[in-house]
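Peer 1: predicted model follows, preceded by the sequence.
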Amino acid sequence: MTASVSREVLTPDELRTLFLFEALDDDQLAWLAERGRVEVREAGTPVYTQGEGATCFFVLLSGTVALSRQLHGDDIELGRSEQRGAYGGATQAYLGDRVDQVYPNTMRAVTDVELFVLPAAEFATAIRTWFPMALHLLEGLFLGLRASDIIVGERERLVALGSLTAGLTHELNNPAAAAVRATDTLRDRVTRMRHKLALIADGRVDGKRLHELVEMQDAAVQRARTARPLTAIEAADAEDELGDWLDAAGMDNAWDIAPTFVSGGIDADWLAEATAELSGENRRAAVGWLNYTVDTEMLMGEIEDAVRRISGLVDAARQYSQLDRAAQQPVDVHELLDATLVMLKAKIPAGVRVVKEYAEGMPLVPAYGAELNQVWTNLIDNALAAMGGDGTLTLATWHEDDHAYVEVRDTGTGIDPEIRPRIFEPFFSTKPVGEGTGLGLDISYRIVVNKHGGDIRVASHPGDTRFRVCLPVVRPSGDEPL
């Protein structure tokens, strides 16, 4: 504990002016006055430090103090107070050796402060002697809540992890299955093309004709790579036209191979021009060769697309978890929002339309990326639940006055005005029993407000609910990171 300046003790009448002691009788106040003392701490010095042995109970008489906690090496400010009578320190002394008697947080003097200081042993004696019934209630409340917090918190994390994992594996399964299917088909096409090479080996295709076929192949591959996507009607019309040409050219499987050519951007005019100097069996062989070429190119494109999608999902998972990032660093909120949407894609019903209203030139925000992703997850999940499978989910961003704003909007039923003041309370939930723990918004509030020095607010009426998160972009000069 930092050295302090001590002055006179408080009189019983002075103690009675503090809300903690106003209901005590004269003997109790005299007992406190005799055992307590007044200390003065200078601005910027700690009153007590987290992890040190809890030796004293402190009551604020004047000035401003800040409470903070160390978490994974980071100092997180929990709040500030200038209220006379605010207290901290050995608040769990009455529990004795059932808990570790250390300071659970750090109290720092923001300004010069004056404190009433009571030794922890004396504070514990007072609680046990004067309030025996309250002592039992406090013990049960503290120990019971601690146990339930551990159980519910672990369950909440497991449920969230299970949900995200299920969604991610579902999303990964689609491109993985597509890649496997395309690979199997490609293997068959390559086998058939090897059989076509037998024609060359037998000398049935001369060198000049082979050169022409290779040139046609290259041209077909180039068209396939640059083919534009067609609408269903455009594709159907093109397949009909090409099918008629192939049928007239004597192709037995004209209507089977027409869709492949159309997908590769090859139409009847191109095929007619490419095979103009061929006839009969040579034309049919050339068309079949080109069909394998285009089909192979399209299959390789499918495999490439599937692998890119898998890579994108893995990158989104990495971005969501922020496992390779420092605890706090500048982050792009758009990247975080997009990663969260990818992780939650499987939970977004088909009837919900997702709209992004991202502002250009958004500044980077100094933040804990993984924890902000948890905020977006909670807000989006609540929005989806409110819409019941049908509506519009809007993610909007903008920035002004050195602050970045993220707004999650939904077109659901809205929040009842009577319960709106309670939505950020821990364990308060509007979801049916078994579907929510009531911790999502409480966790989000603590992450945004306590850990990032920001703000989170809600405005709601039927058809339009908006959760607005405000995050500082530039910290005030001299402030420590939260």
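Peer 2: In hand now; what should we look at? Numbering: from 1, shown residues only.
Peer 1: so which other helices or strands are in contact with whatever helix or strand Arg353 lives in?
Peer 2: Take DSSP states H and E as the rule and Arg353 turns out to sit in strand 352-357. On a contact count with 3 or more Cβ pairs under 8 Å, 6 or more residues apart in numbering; DSSP states H and E, strand 352-357 meets strand 391-400. Just so you know, the C-beta spots here come from the backbone N, C-alpha and C atoms, and that holds for glycine as well.
Peer 1: partners of the very next helix or strand once past the strand holding Arg353, with directions?
Peer 2: Moving toward the C-terminus from strand 352-357, the next helix or strand (DSSP H and E) is strand 365-367. Sheet partners assigned to strand 365-367 using DSSP bridges are listed as strand 329-331 (antiparallel).
Peer 1: neighbouring contacts of the strand it pairs with?
Peer 2: Arg325, Leu364, Val365, Pro366, Ala367, Gly369, Leu372 (Cβ atoms under 8 Å, 6 or more residues apart in numbering).
Peer 1: nearest residue to the last one other than its sequence neighbours?
Peer 2: Distance criterion Cβ to Cβ, 6 or more residues apart in numbering; nearest residue to Leu372, sequence neighbours excluded, is Leu336 at 5.6 Å.
Peer 1: what mean pLDDT does the helix or strand in which the one you found is found get?
Peer 2: Counting by DSSP H and E, the element that carries Leu336 is helix 333-344. Average pLDDT, helix 333-344: 86.
Peer 1: hmm, Thr45 is touching Thr106, no?
Peer 2: No: look at Thr45 against Thr106 with Cβ atoms under 8 Å: they stay out of range, at 11.2 Å.
Peer 1: the two: which has the busier surroundings?
Peer 2: Thr106 (21 against 14; other Cβ atoms under 10 Å).
Peer 1: ok, that one touching Glu77?
Peer 2: No: if you go by Cβ under 8 Å, Thr106 and Glu77 don't touch, sitting 9.5 Å apart.
Peer 1: list residues touching both of these two?
Peer 2: With Cβ under 8 Å, 6+ apart, Thr106 and Glu77 have common neighbours Leu67, Ser68.
Peer 1: do you know how far Arg108 is from Tyr368?
Peer 2: 21 Å (Cβ to Cβ, to the nearest Å).
Peer 1: oops, could you answer that again for Glu8 instead?
Peer 2: Glu8 is 45 Å from Tyr368, by Cβ to Cβ.
Peer 1: low-confidence ranges, the stretch 251-400 of the chain, go.
Peer 2: Within the stretch 251-400 of the chain, the stretches with pLDDT under 70 are 278-279, 309, 312-313, 315-327.
Peer 1: how about the helices in the protein?
Peer 2: 12-16, 26-35, 120-130, 132-201, 207-226, 232-248, 254-263, 268-274, 280-321, 333-344, 369-387, 440-445 (DSSP state H).
Peer 1: out of those, the one nearest Gln101 is which?
Peer 2: helix 120-130 (7.0 Å; Cβ to Cβ).
Peer 1: now that closest one: buried residues?
Peer 2: Of all the residues in helix 120-130, those buried under the rule 16 or more other Cβ atoms under 10 Å are Ala120, Glu122, Phe123, Ala124, Ala126, Ile127.
Peer 1: name the nearest of these relative to Ala176.
Peer 2: Ala120 (59.7 Å).
Peer 1: pretty sure that closest one contacts Ala54?
Peer 2: Yes: contact status for Ala120 versus Ala54: in contact at 5.6 Å, counting by Cβ under 8 Å.
Peer 1: what sits in contact with each of those two?
Peer 2: With Cβ under 8 Å, 6+ apart, Ala120 and Ala54 have common neighbours Gly89, Ala90, Ala93, Gln101.
Peer 1: kindly reformat the residues you listed as CSV containing pLDDT.
Peer 2: Formatted as CSV, the shared contacts of Ala120 and Ala54 follow (pLDDT from 0 to 100):
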residue, pLDDT
Gly89, 90
Ala90, 88
Ala93, 84
Gln101, 85
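Peer 1: mind putting those in a markdown table, neighbour count and distance to Leu393 included?
Peer 2: Shown next, in a markdown table, are the shared contacts of Ala120 and Ala54 (neighbours: other Cβ atoms under 10 Å; distance: Cβ to Cβ, whole Å):
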| residue | neighbour count | distance to Leu393 |
| --- | --- | --- |
| Gly89 | 23 | 46 |
| Ala90 | 24 | 48 |
| Ala93 | 24 | 49 |
| Gln101 | 16 | 48 |
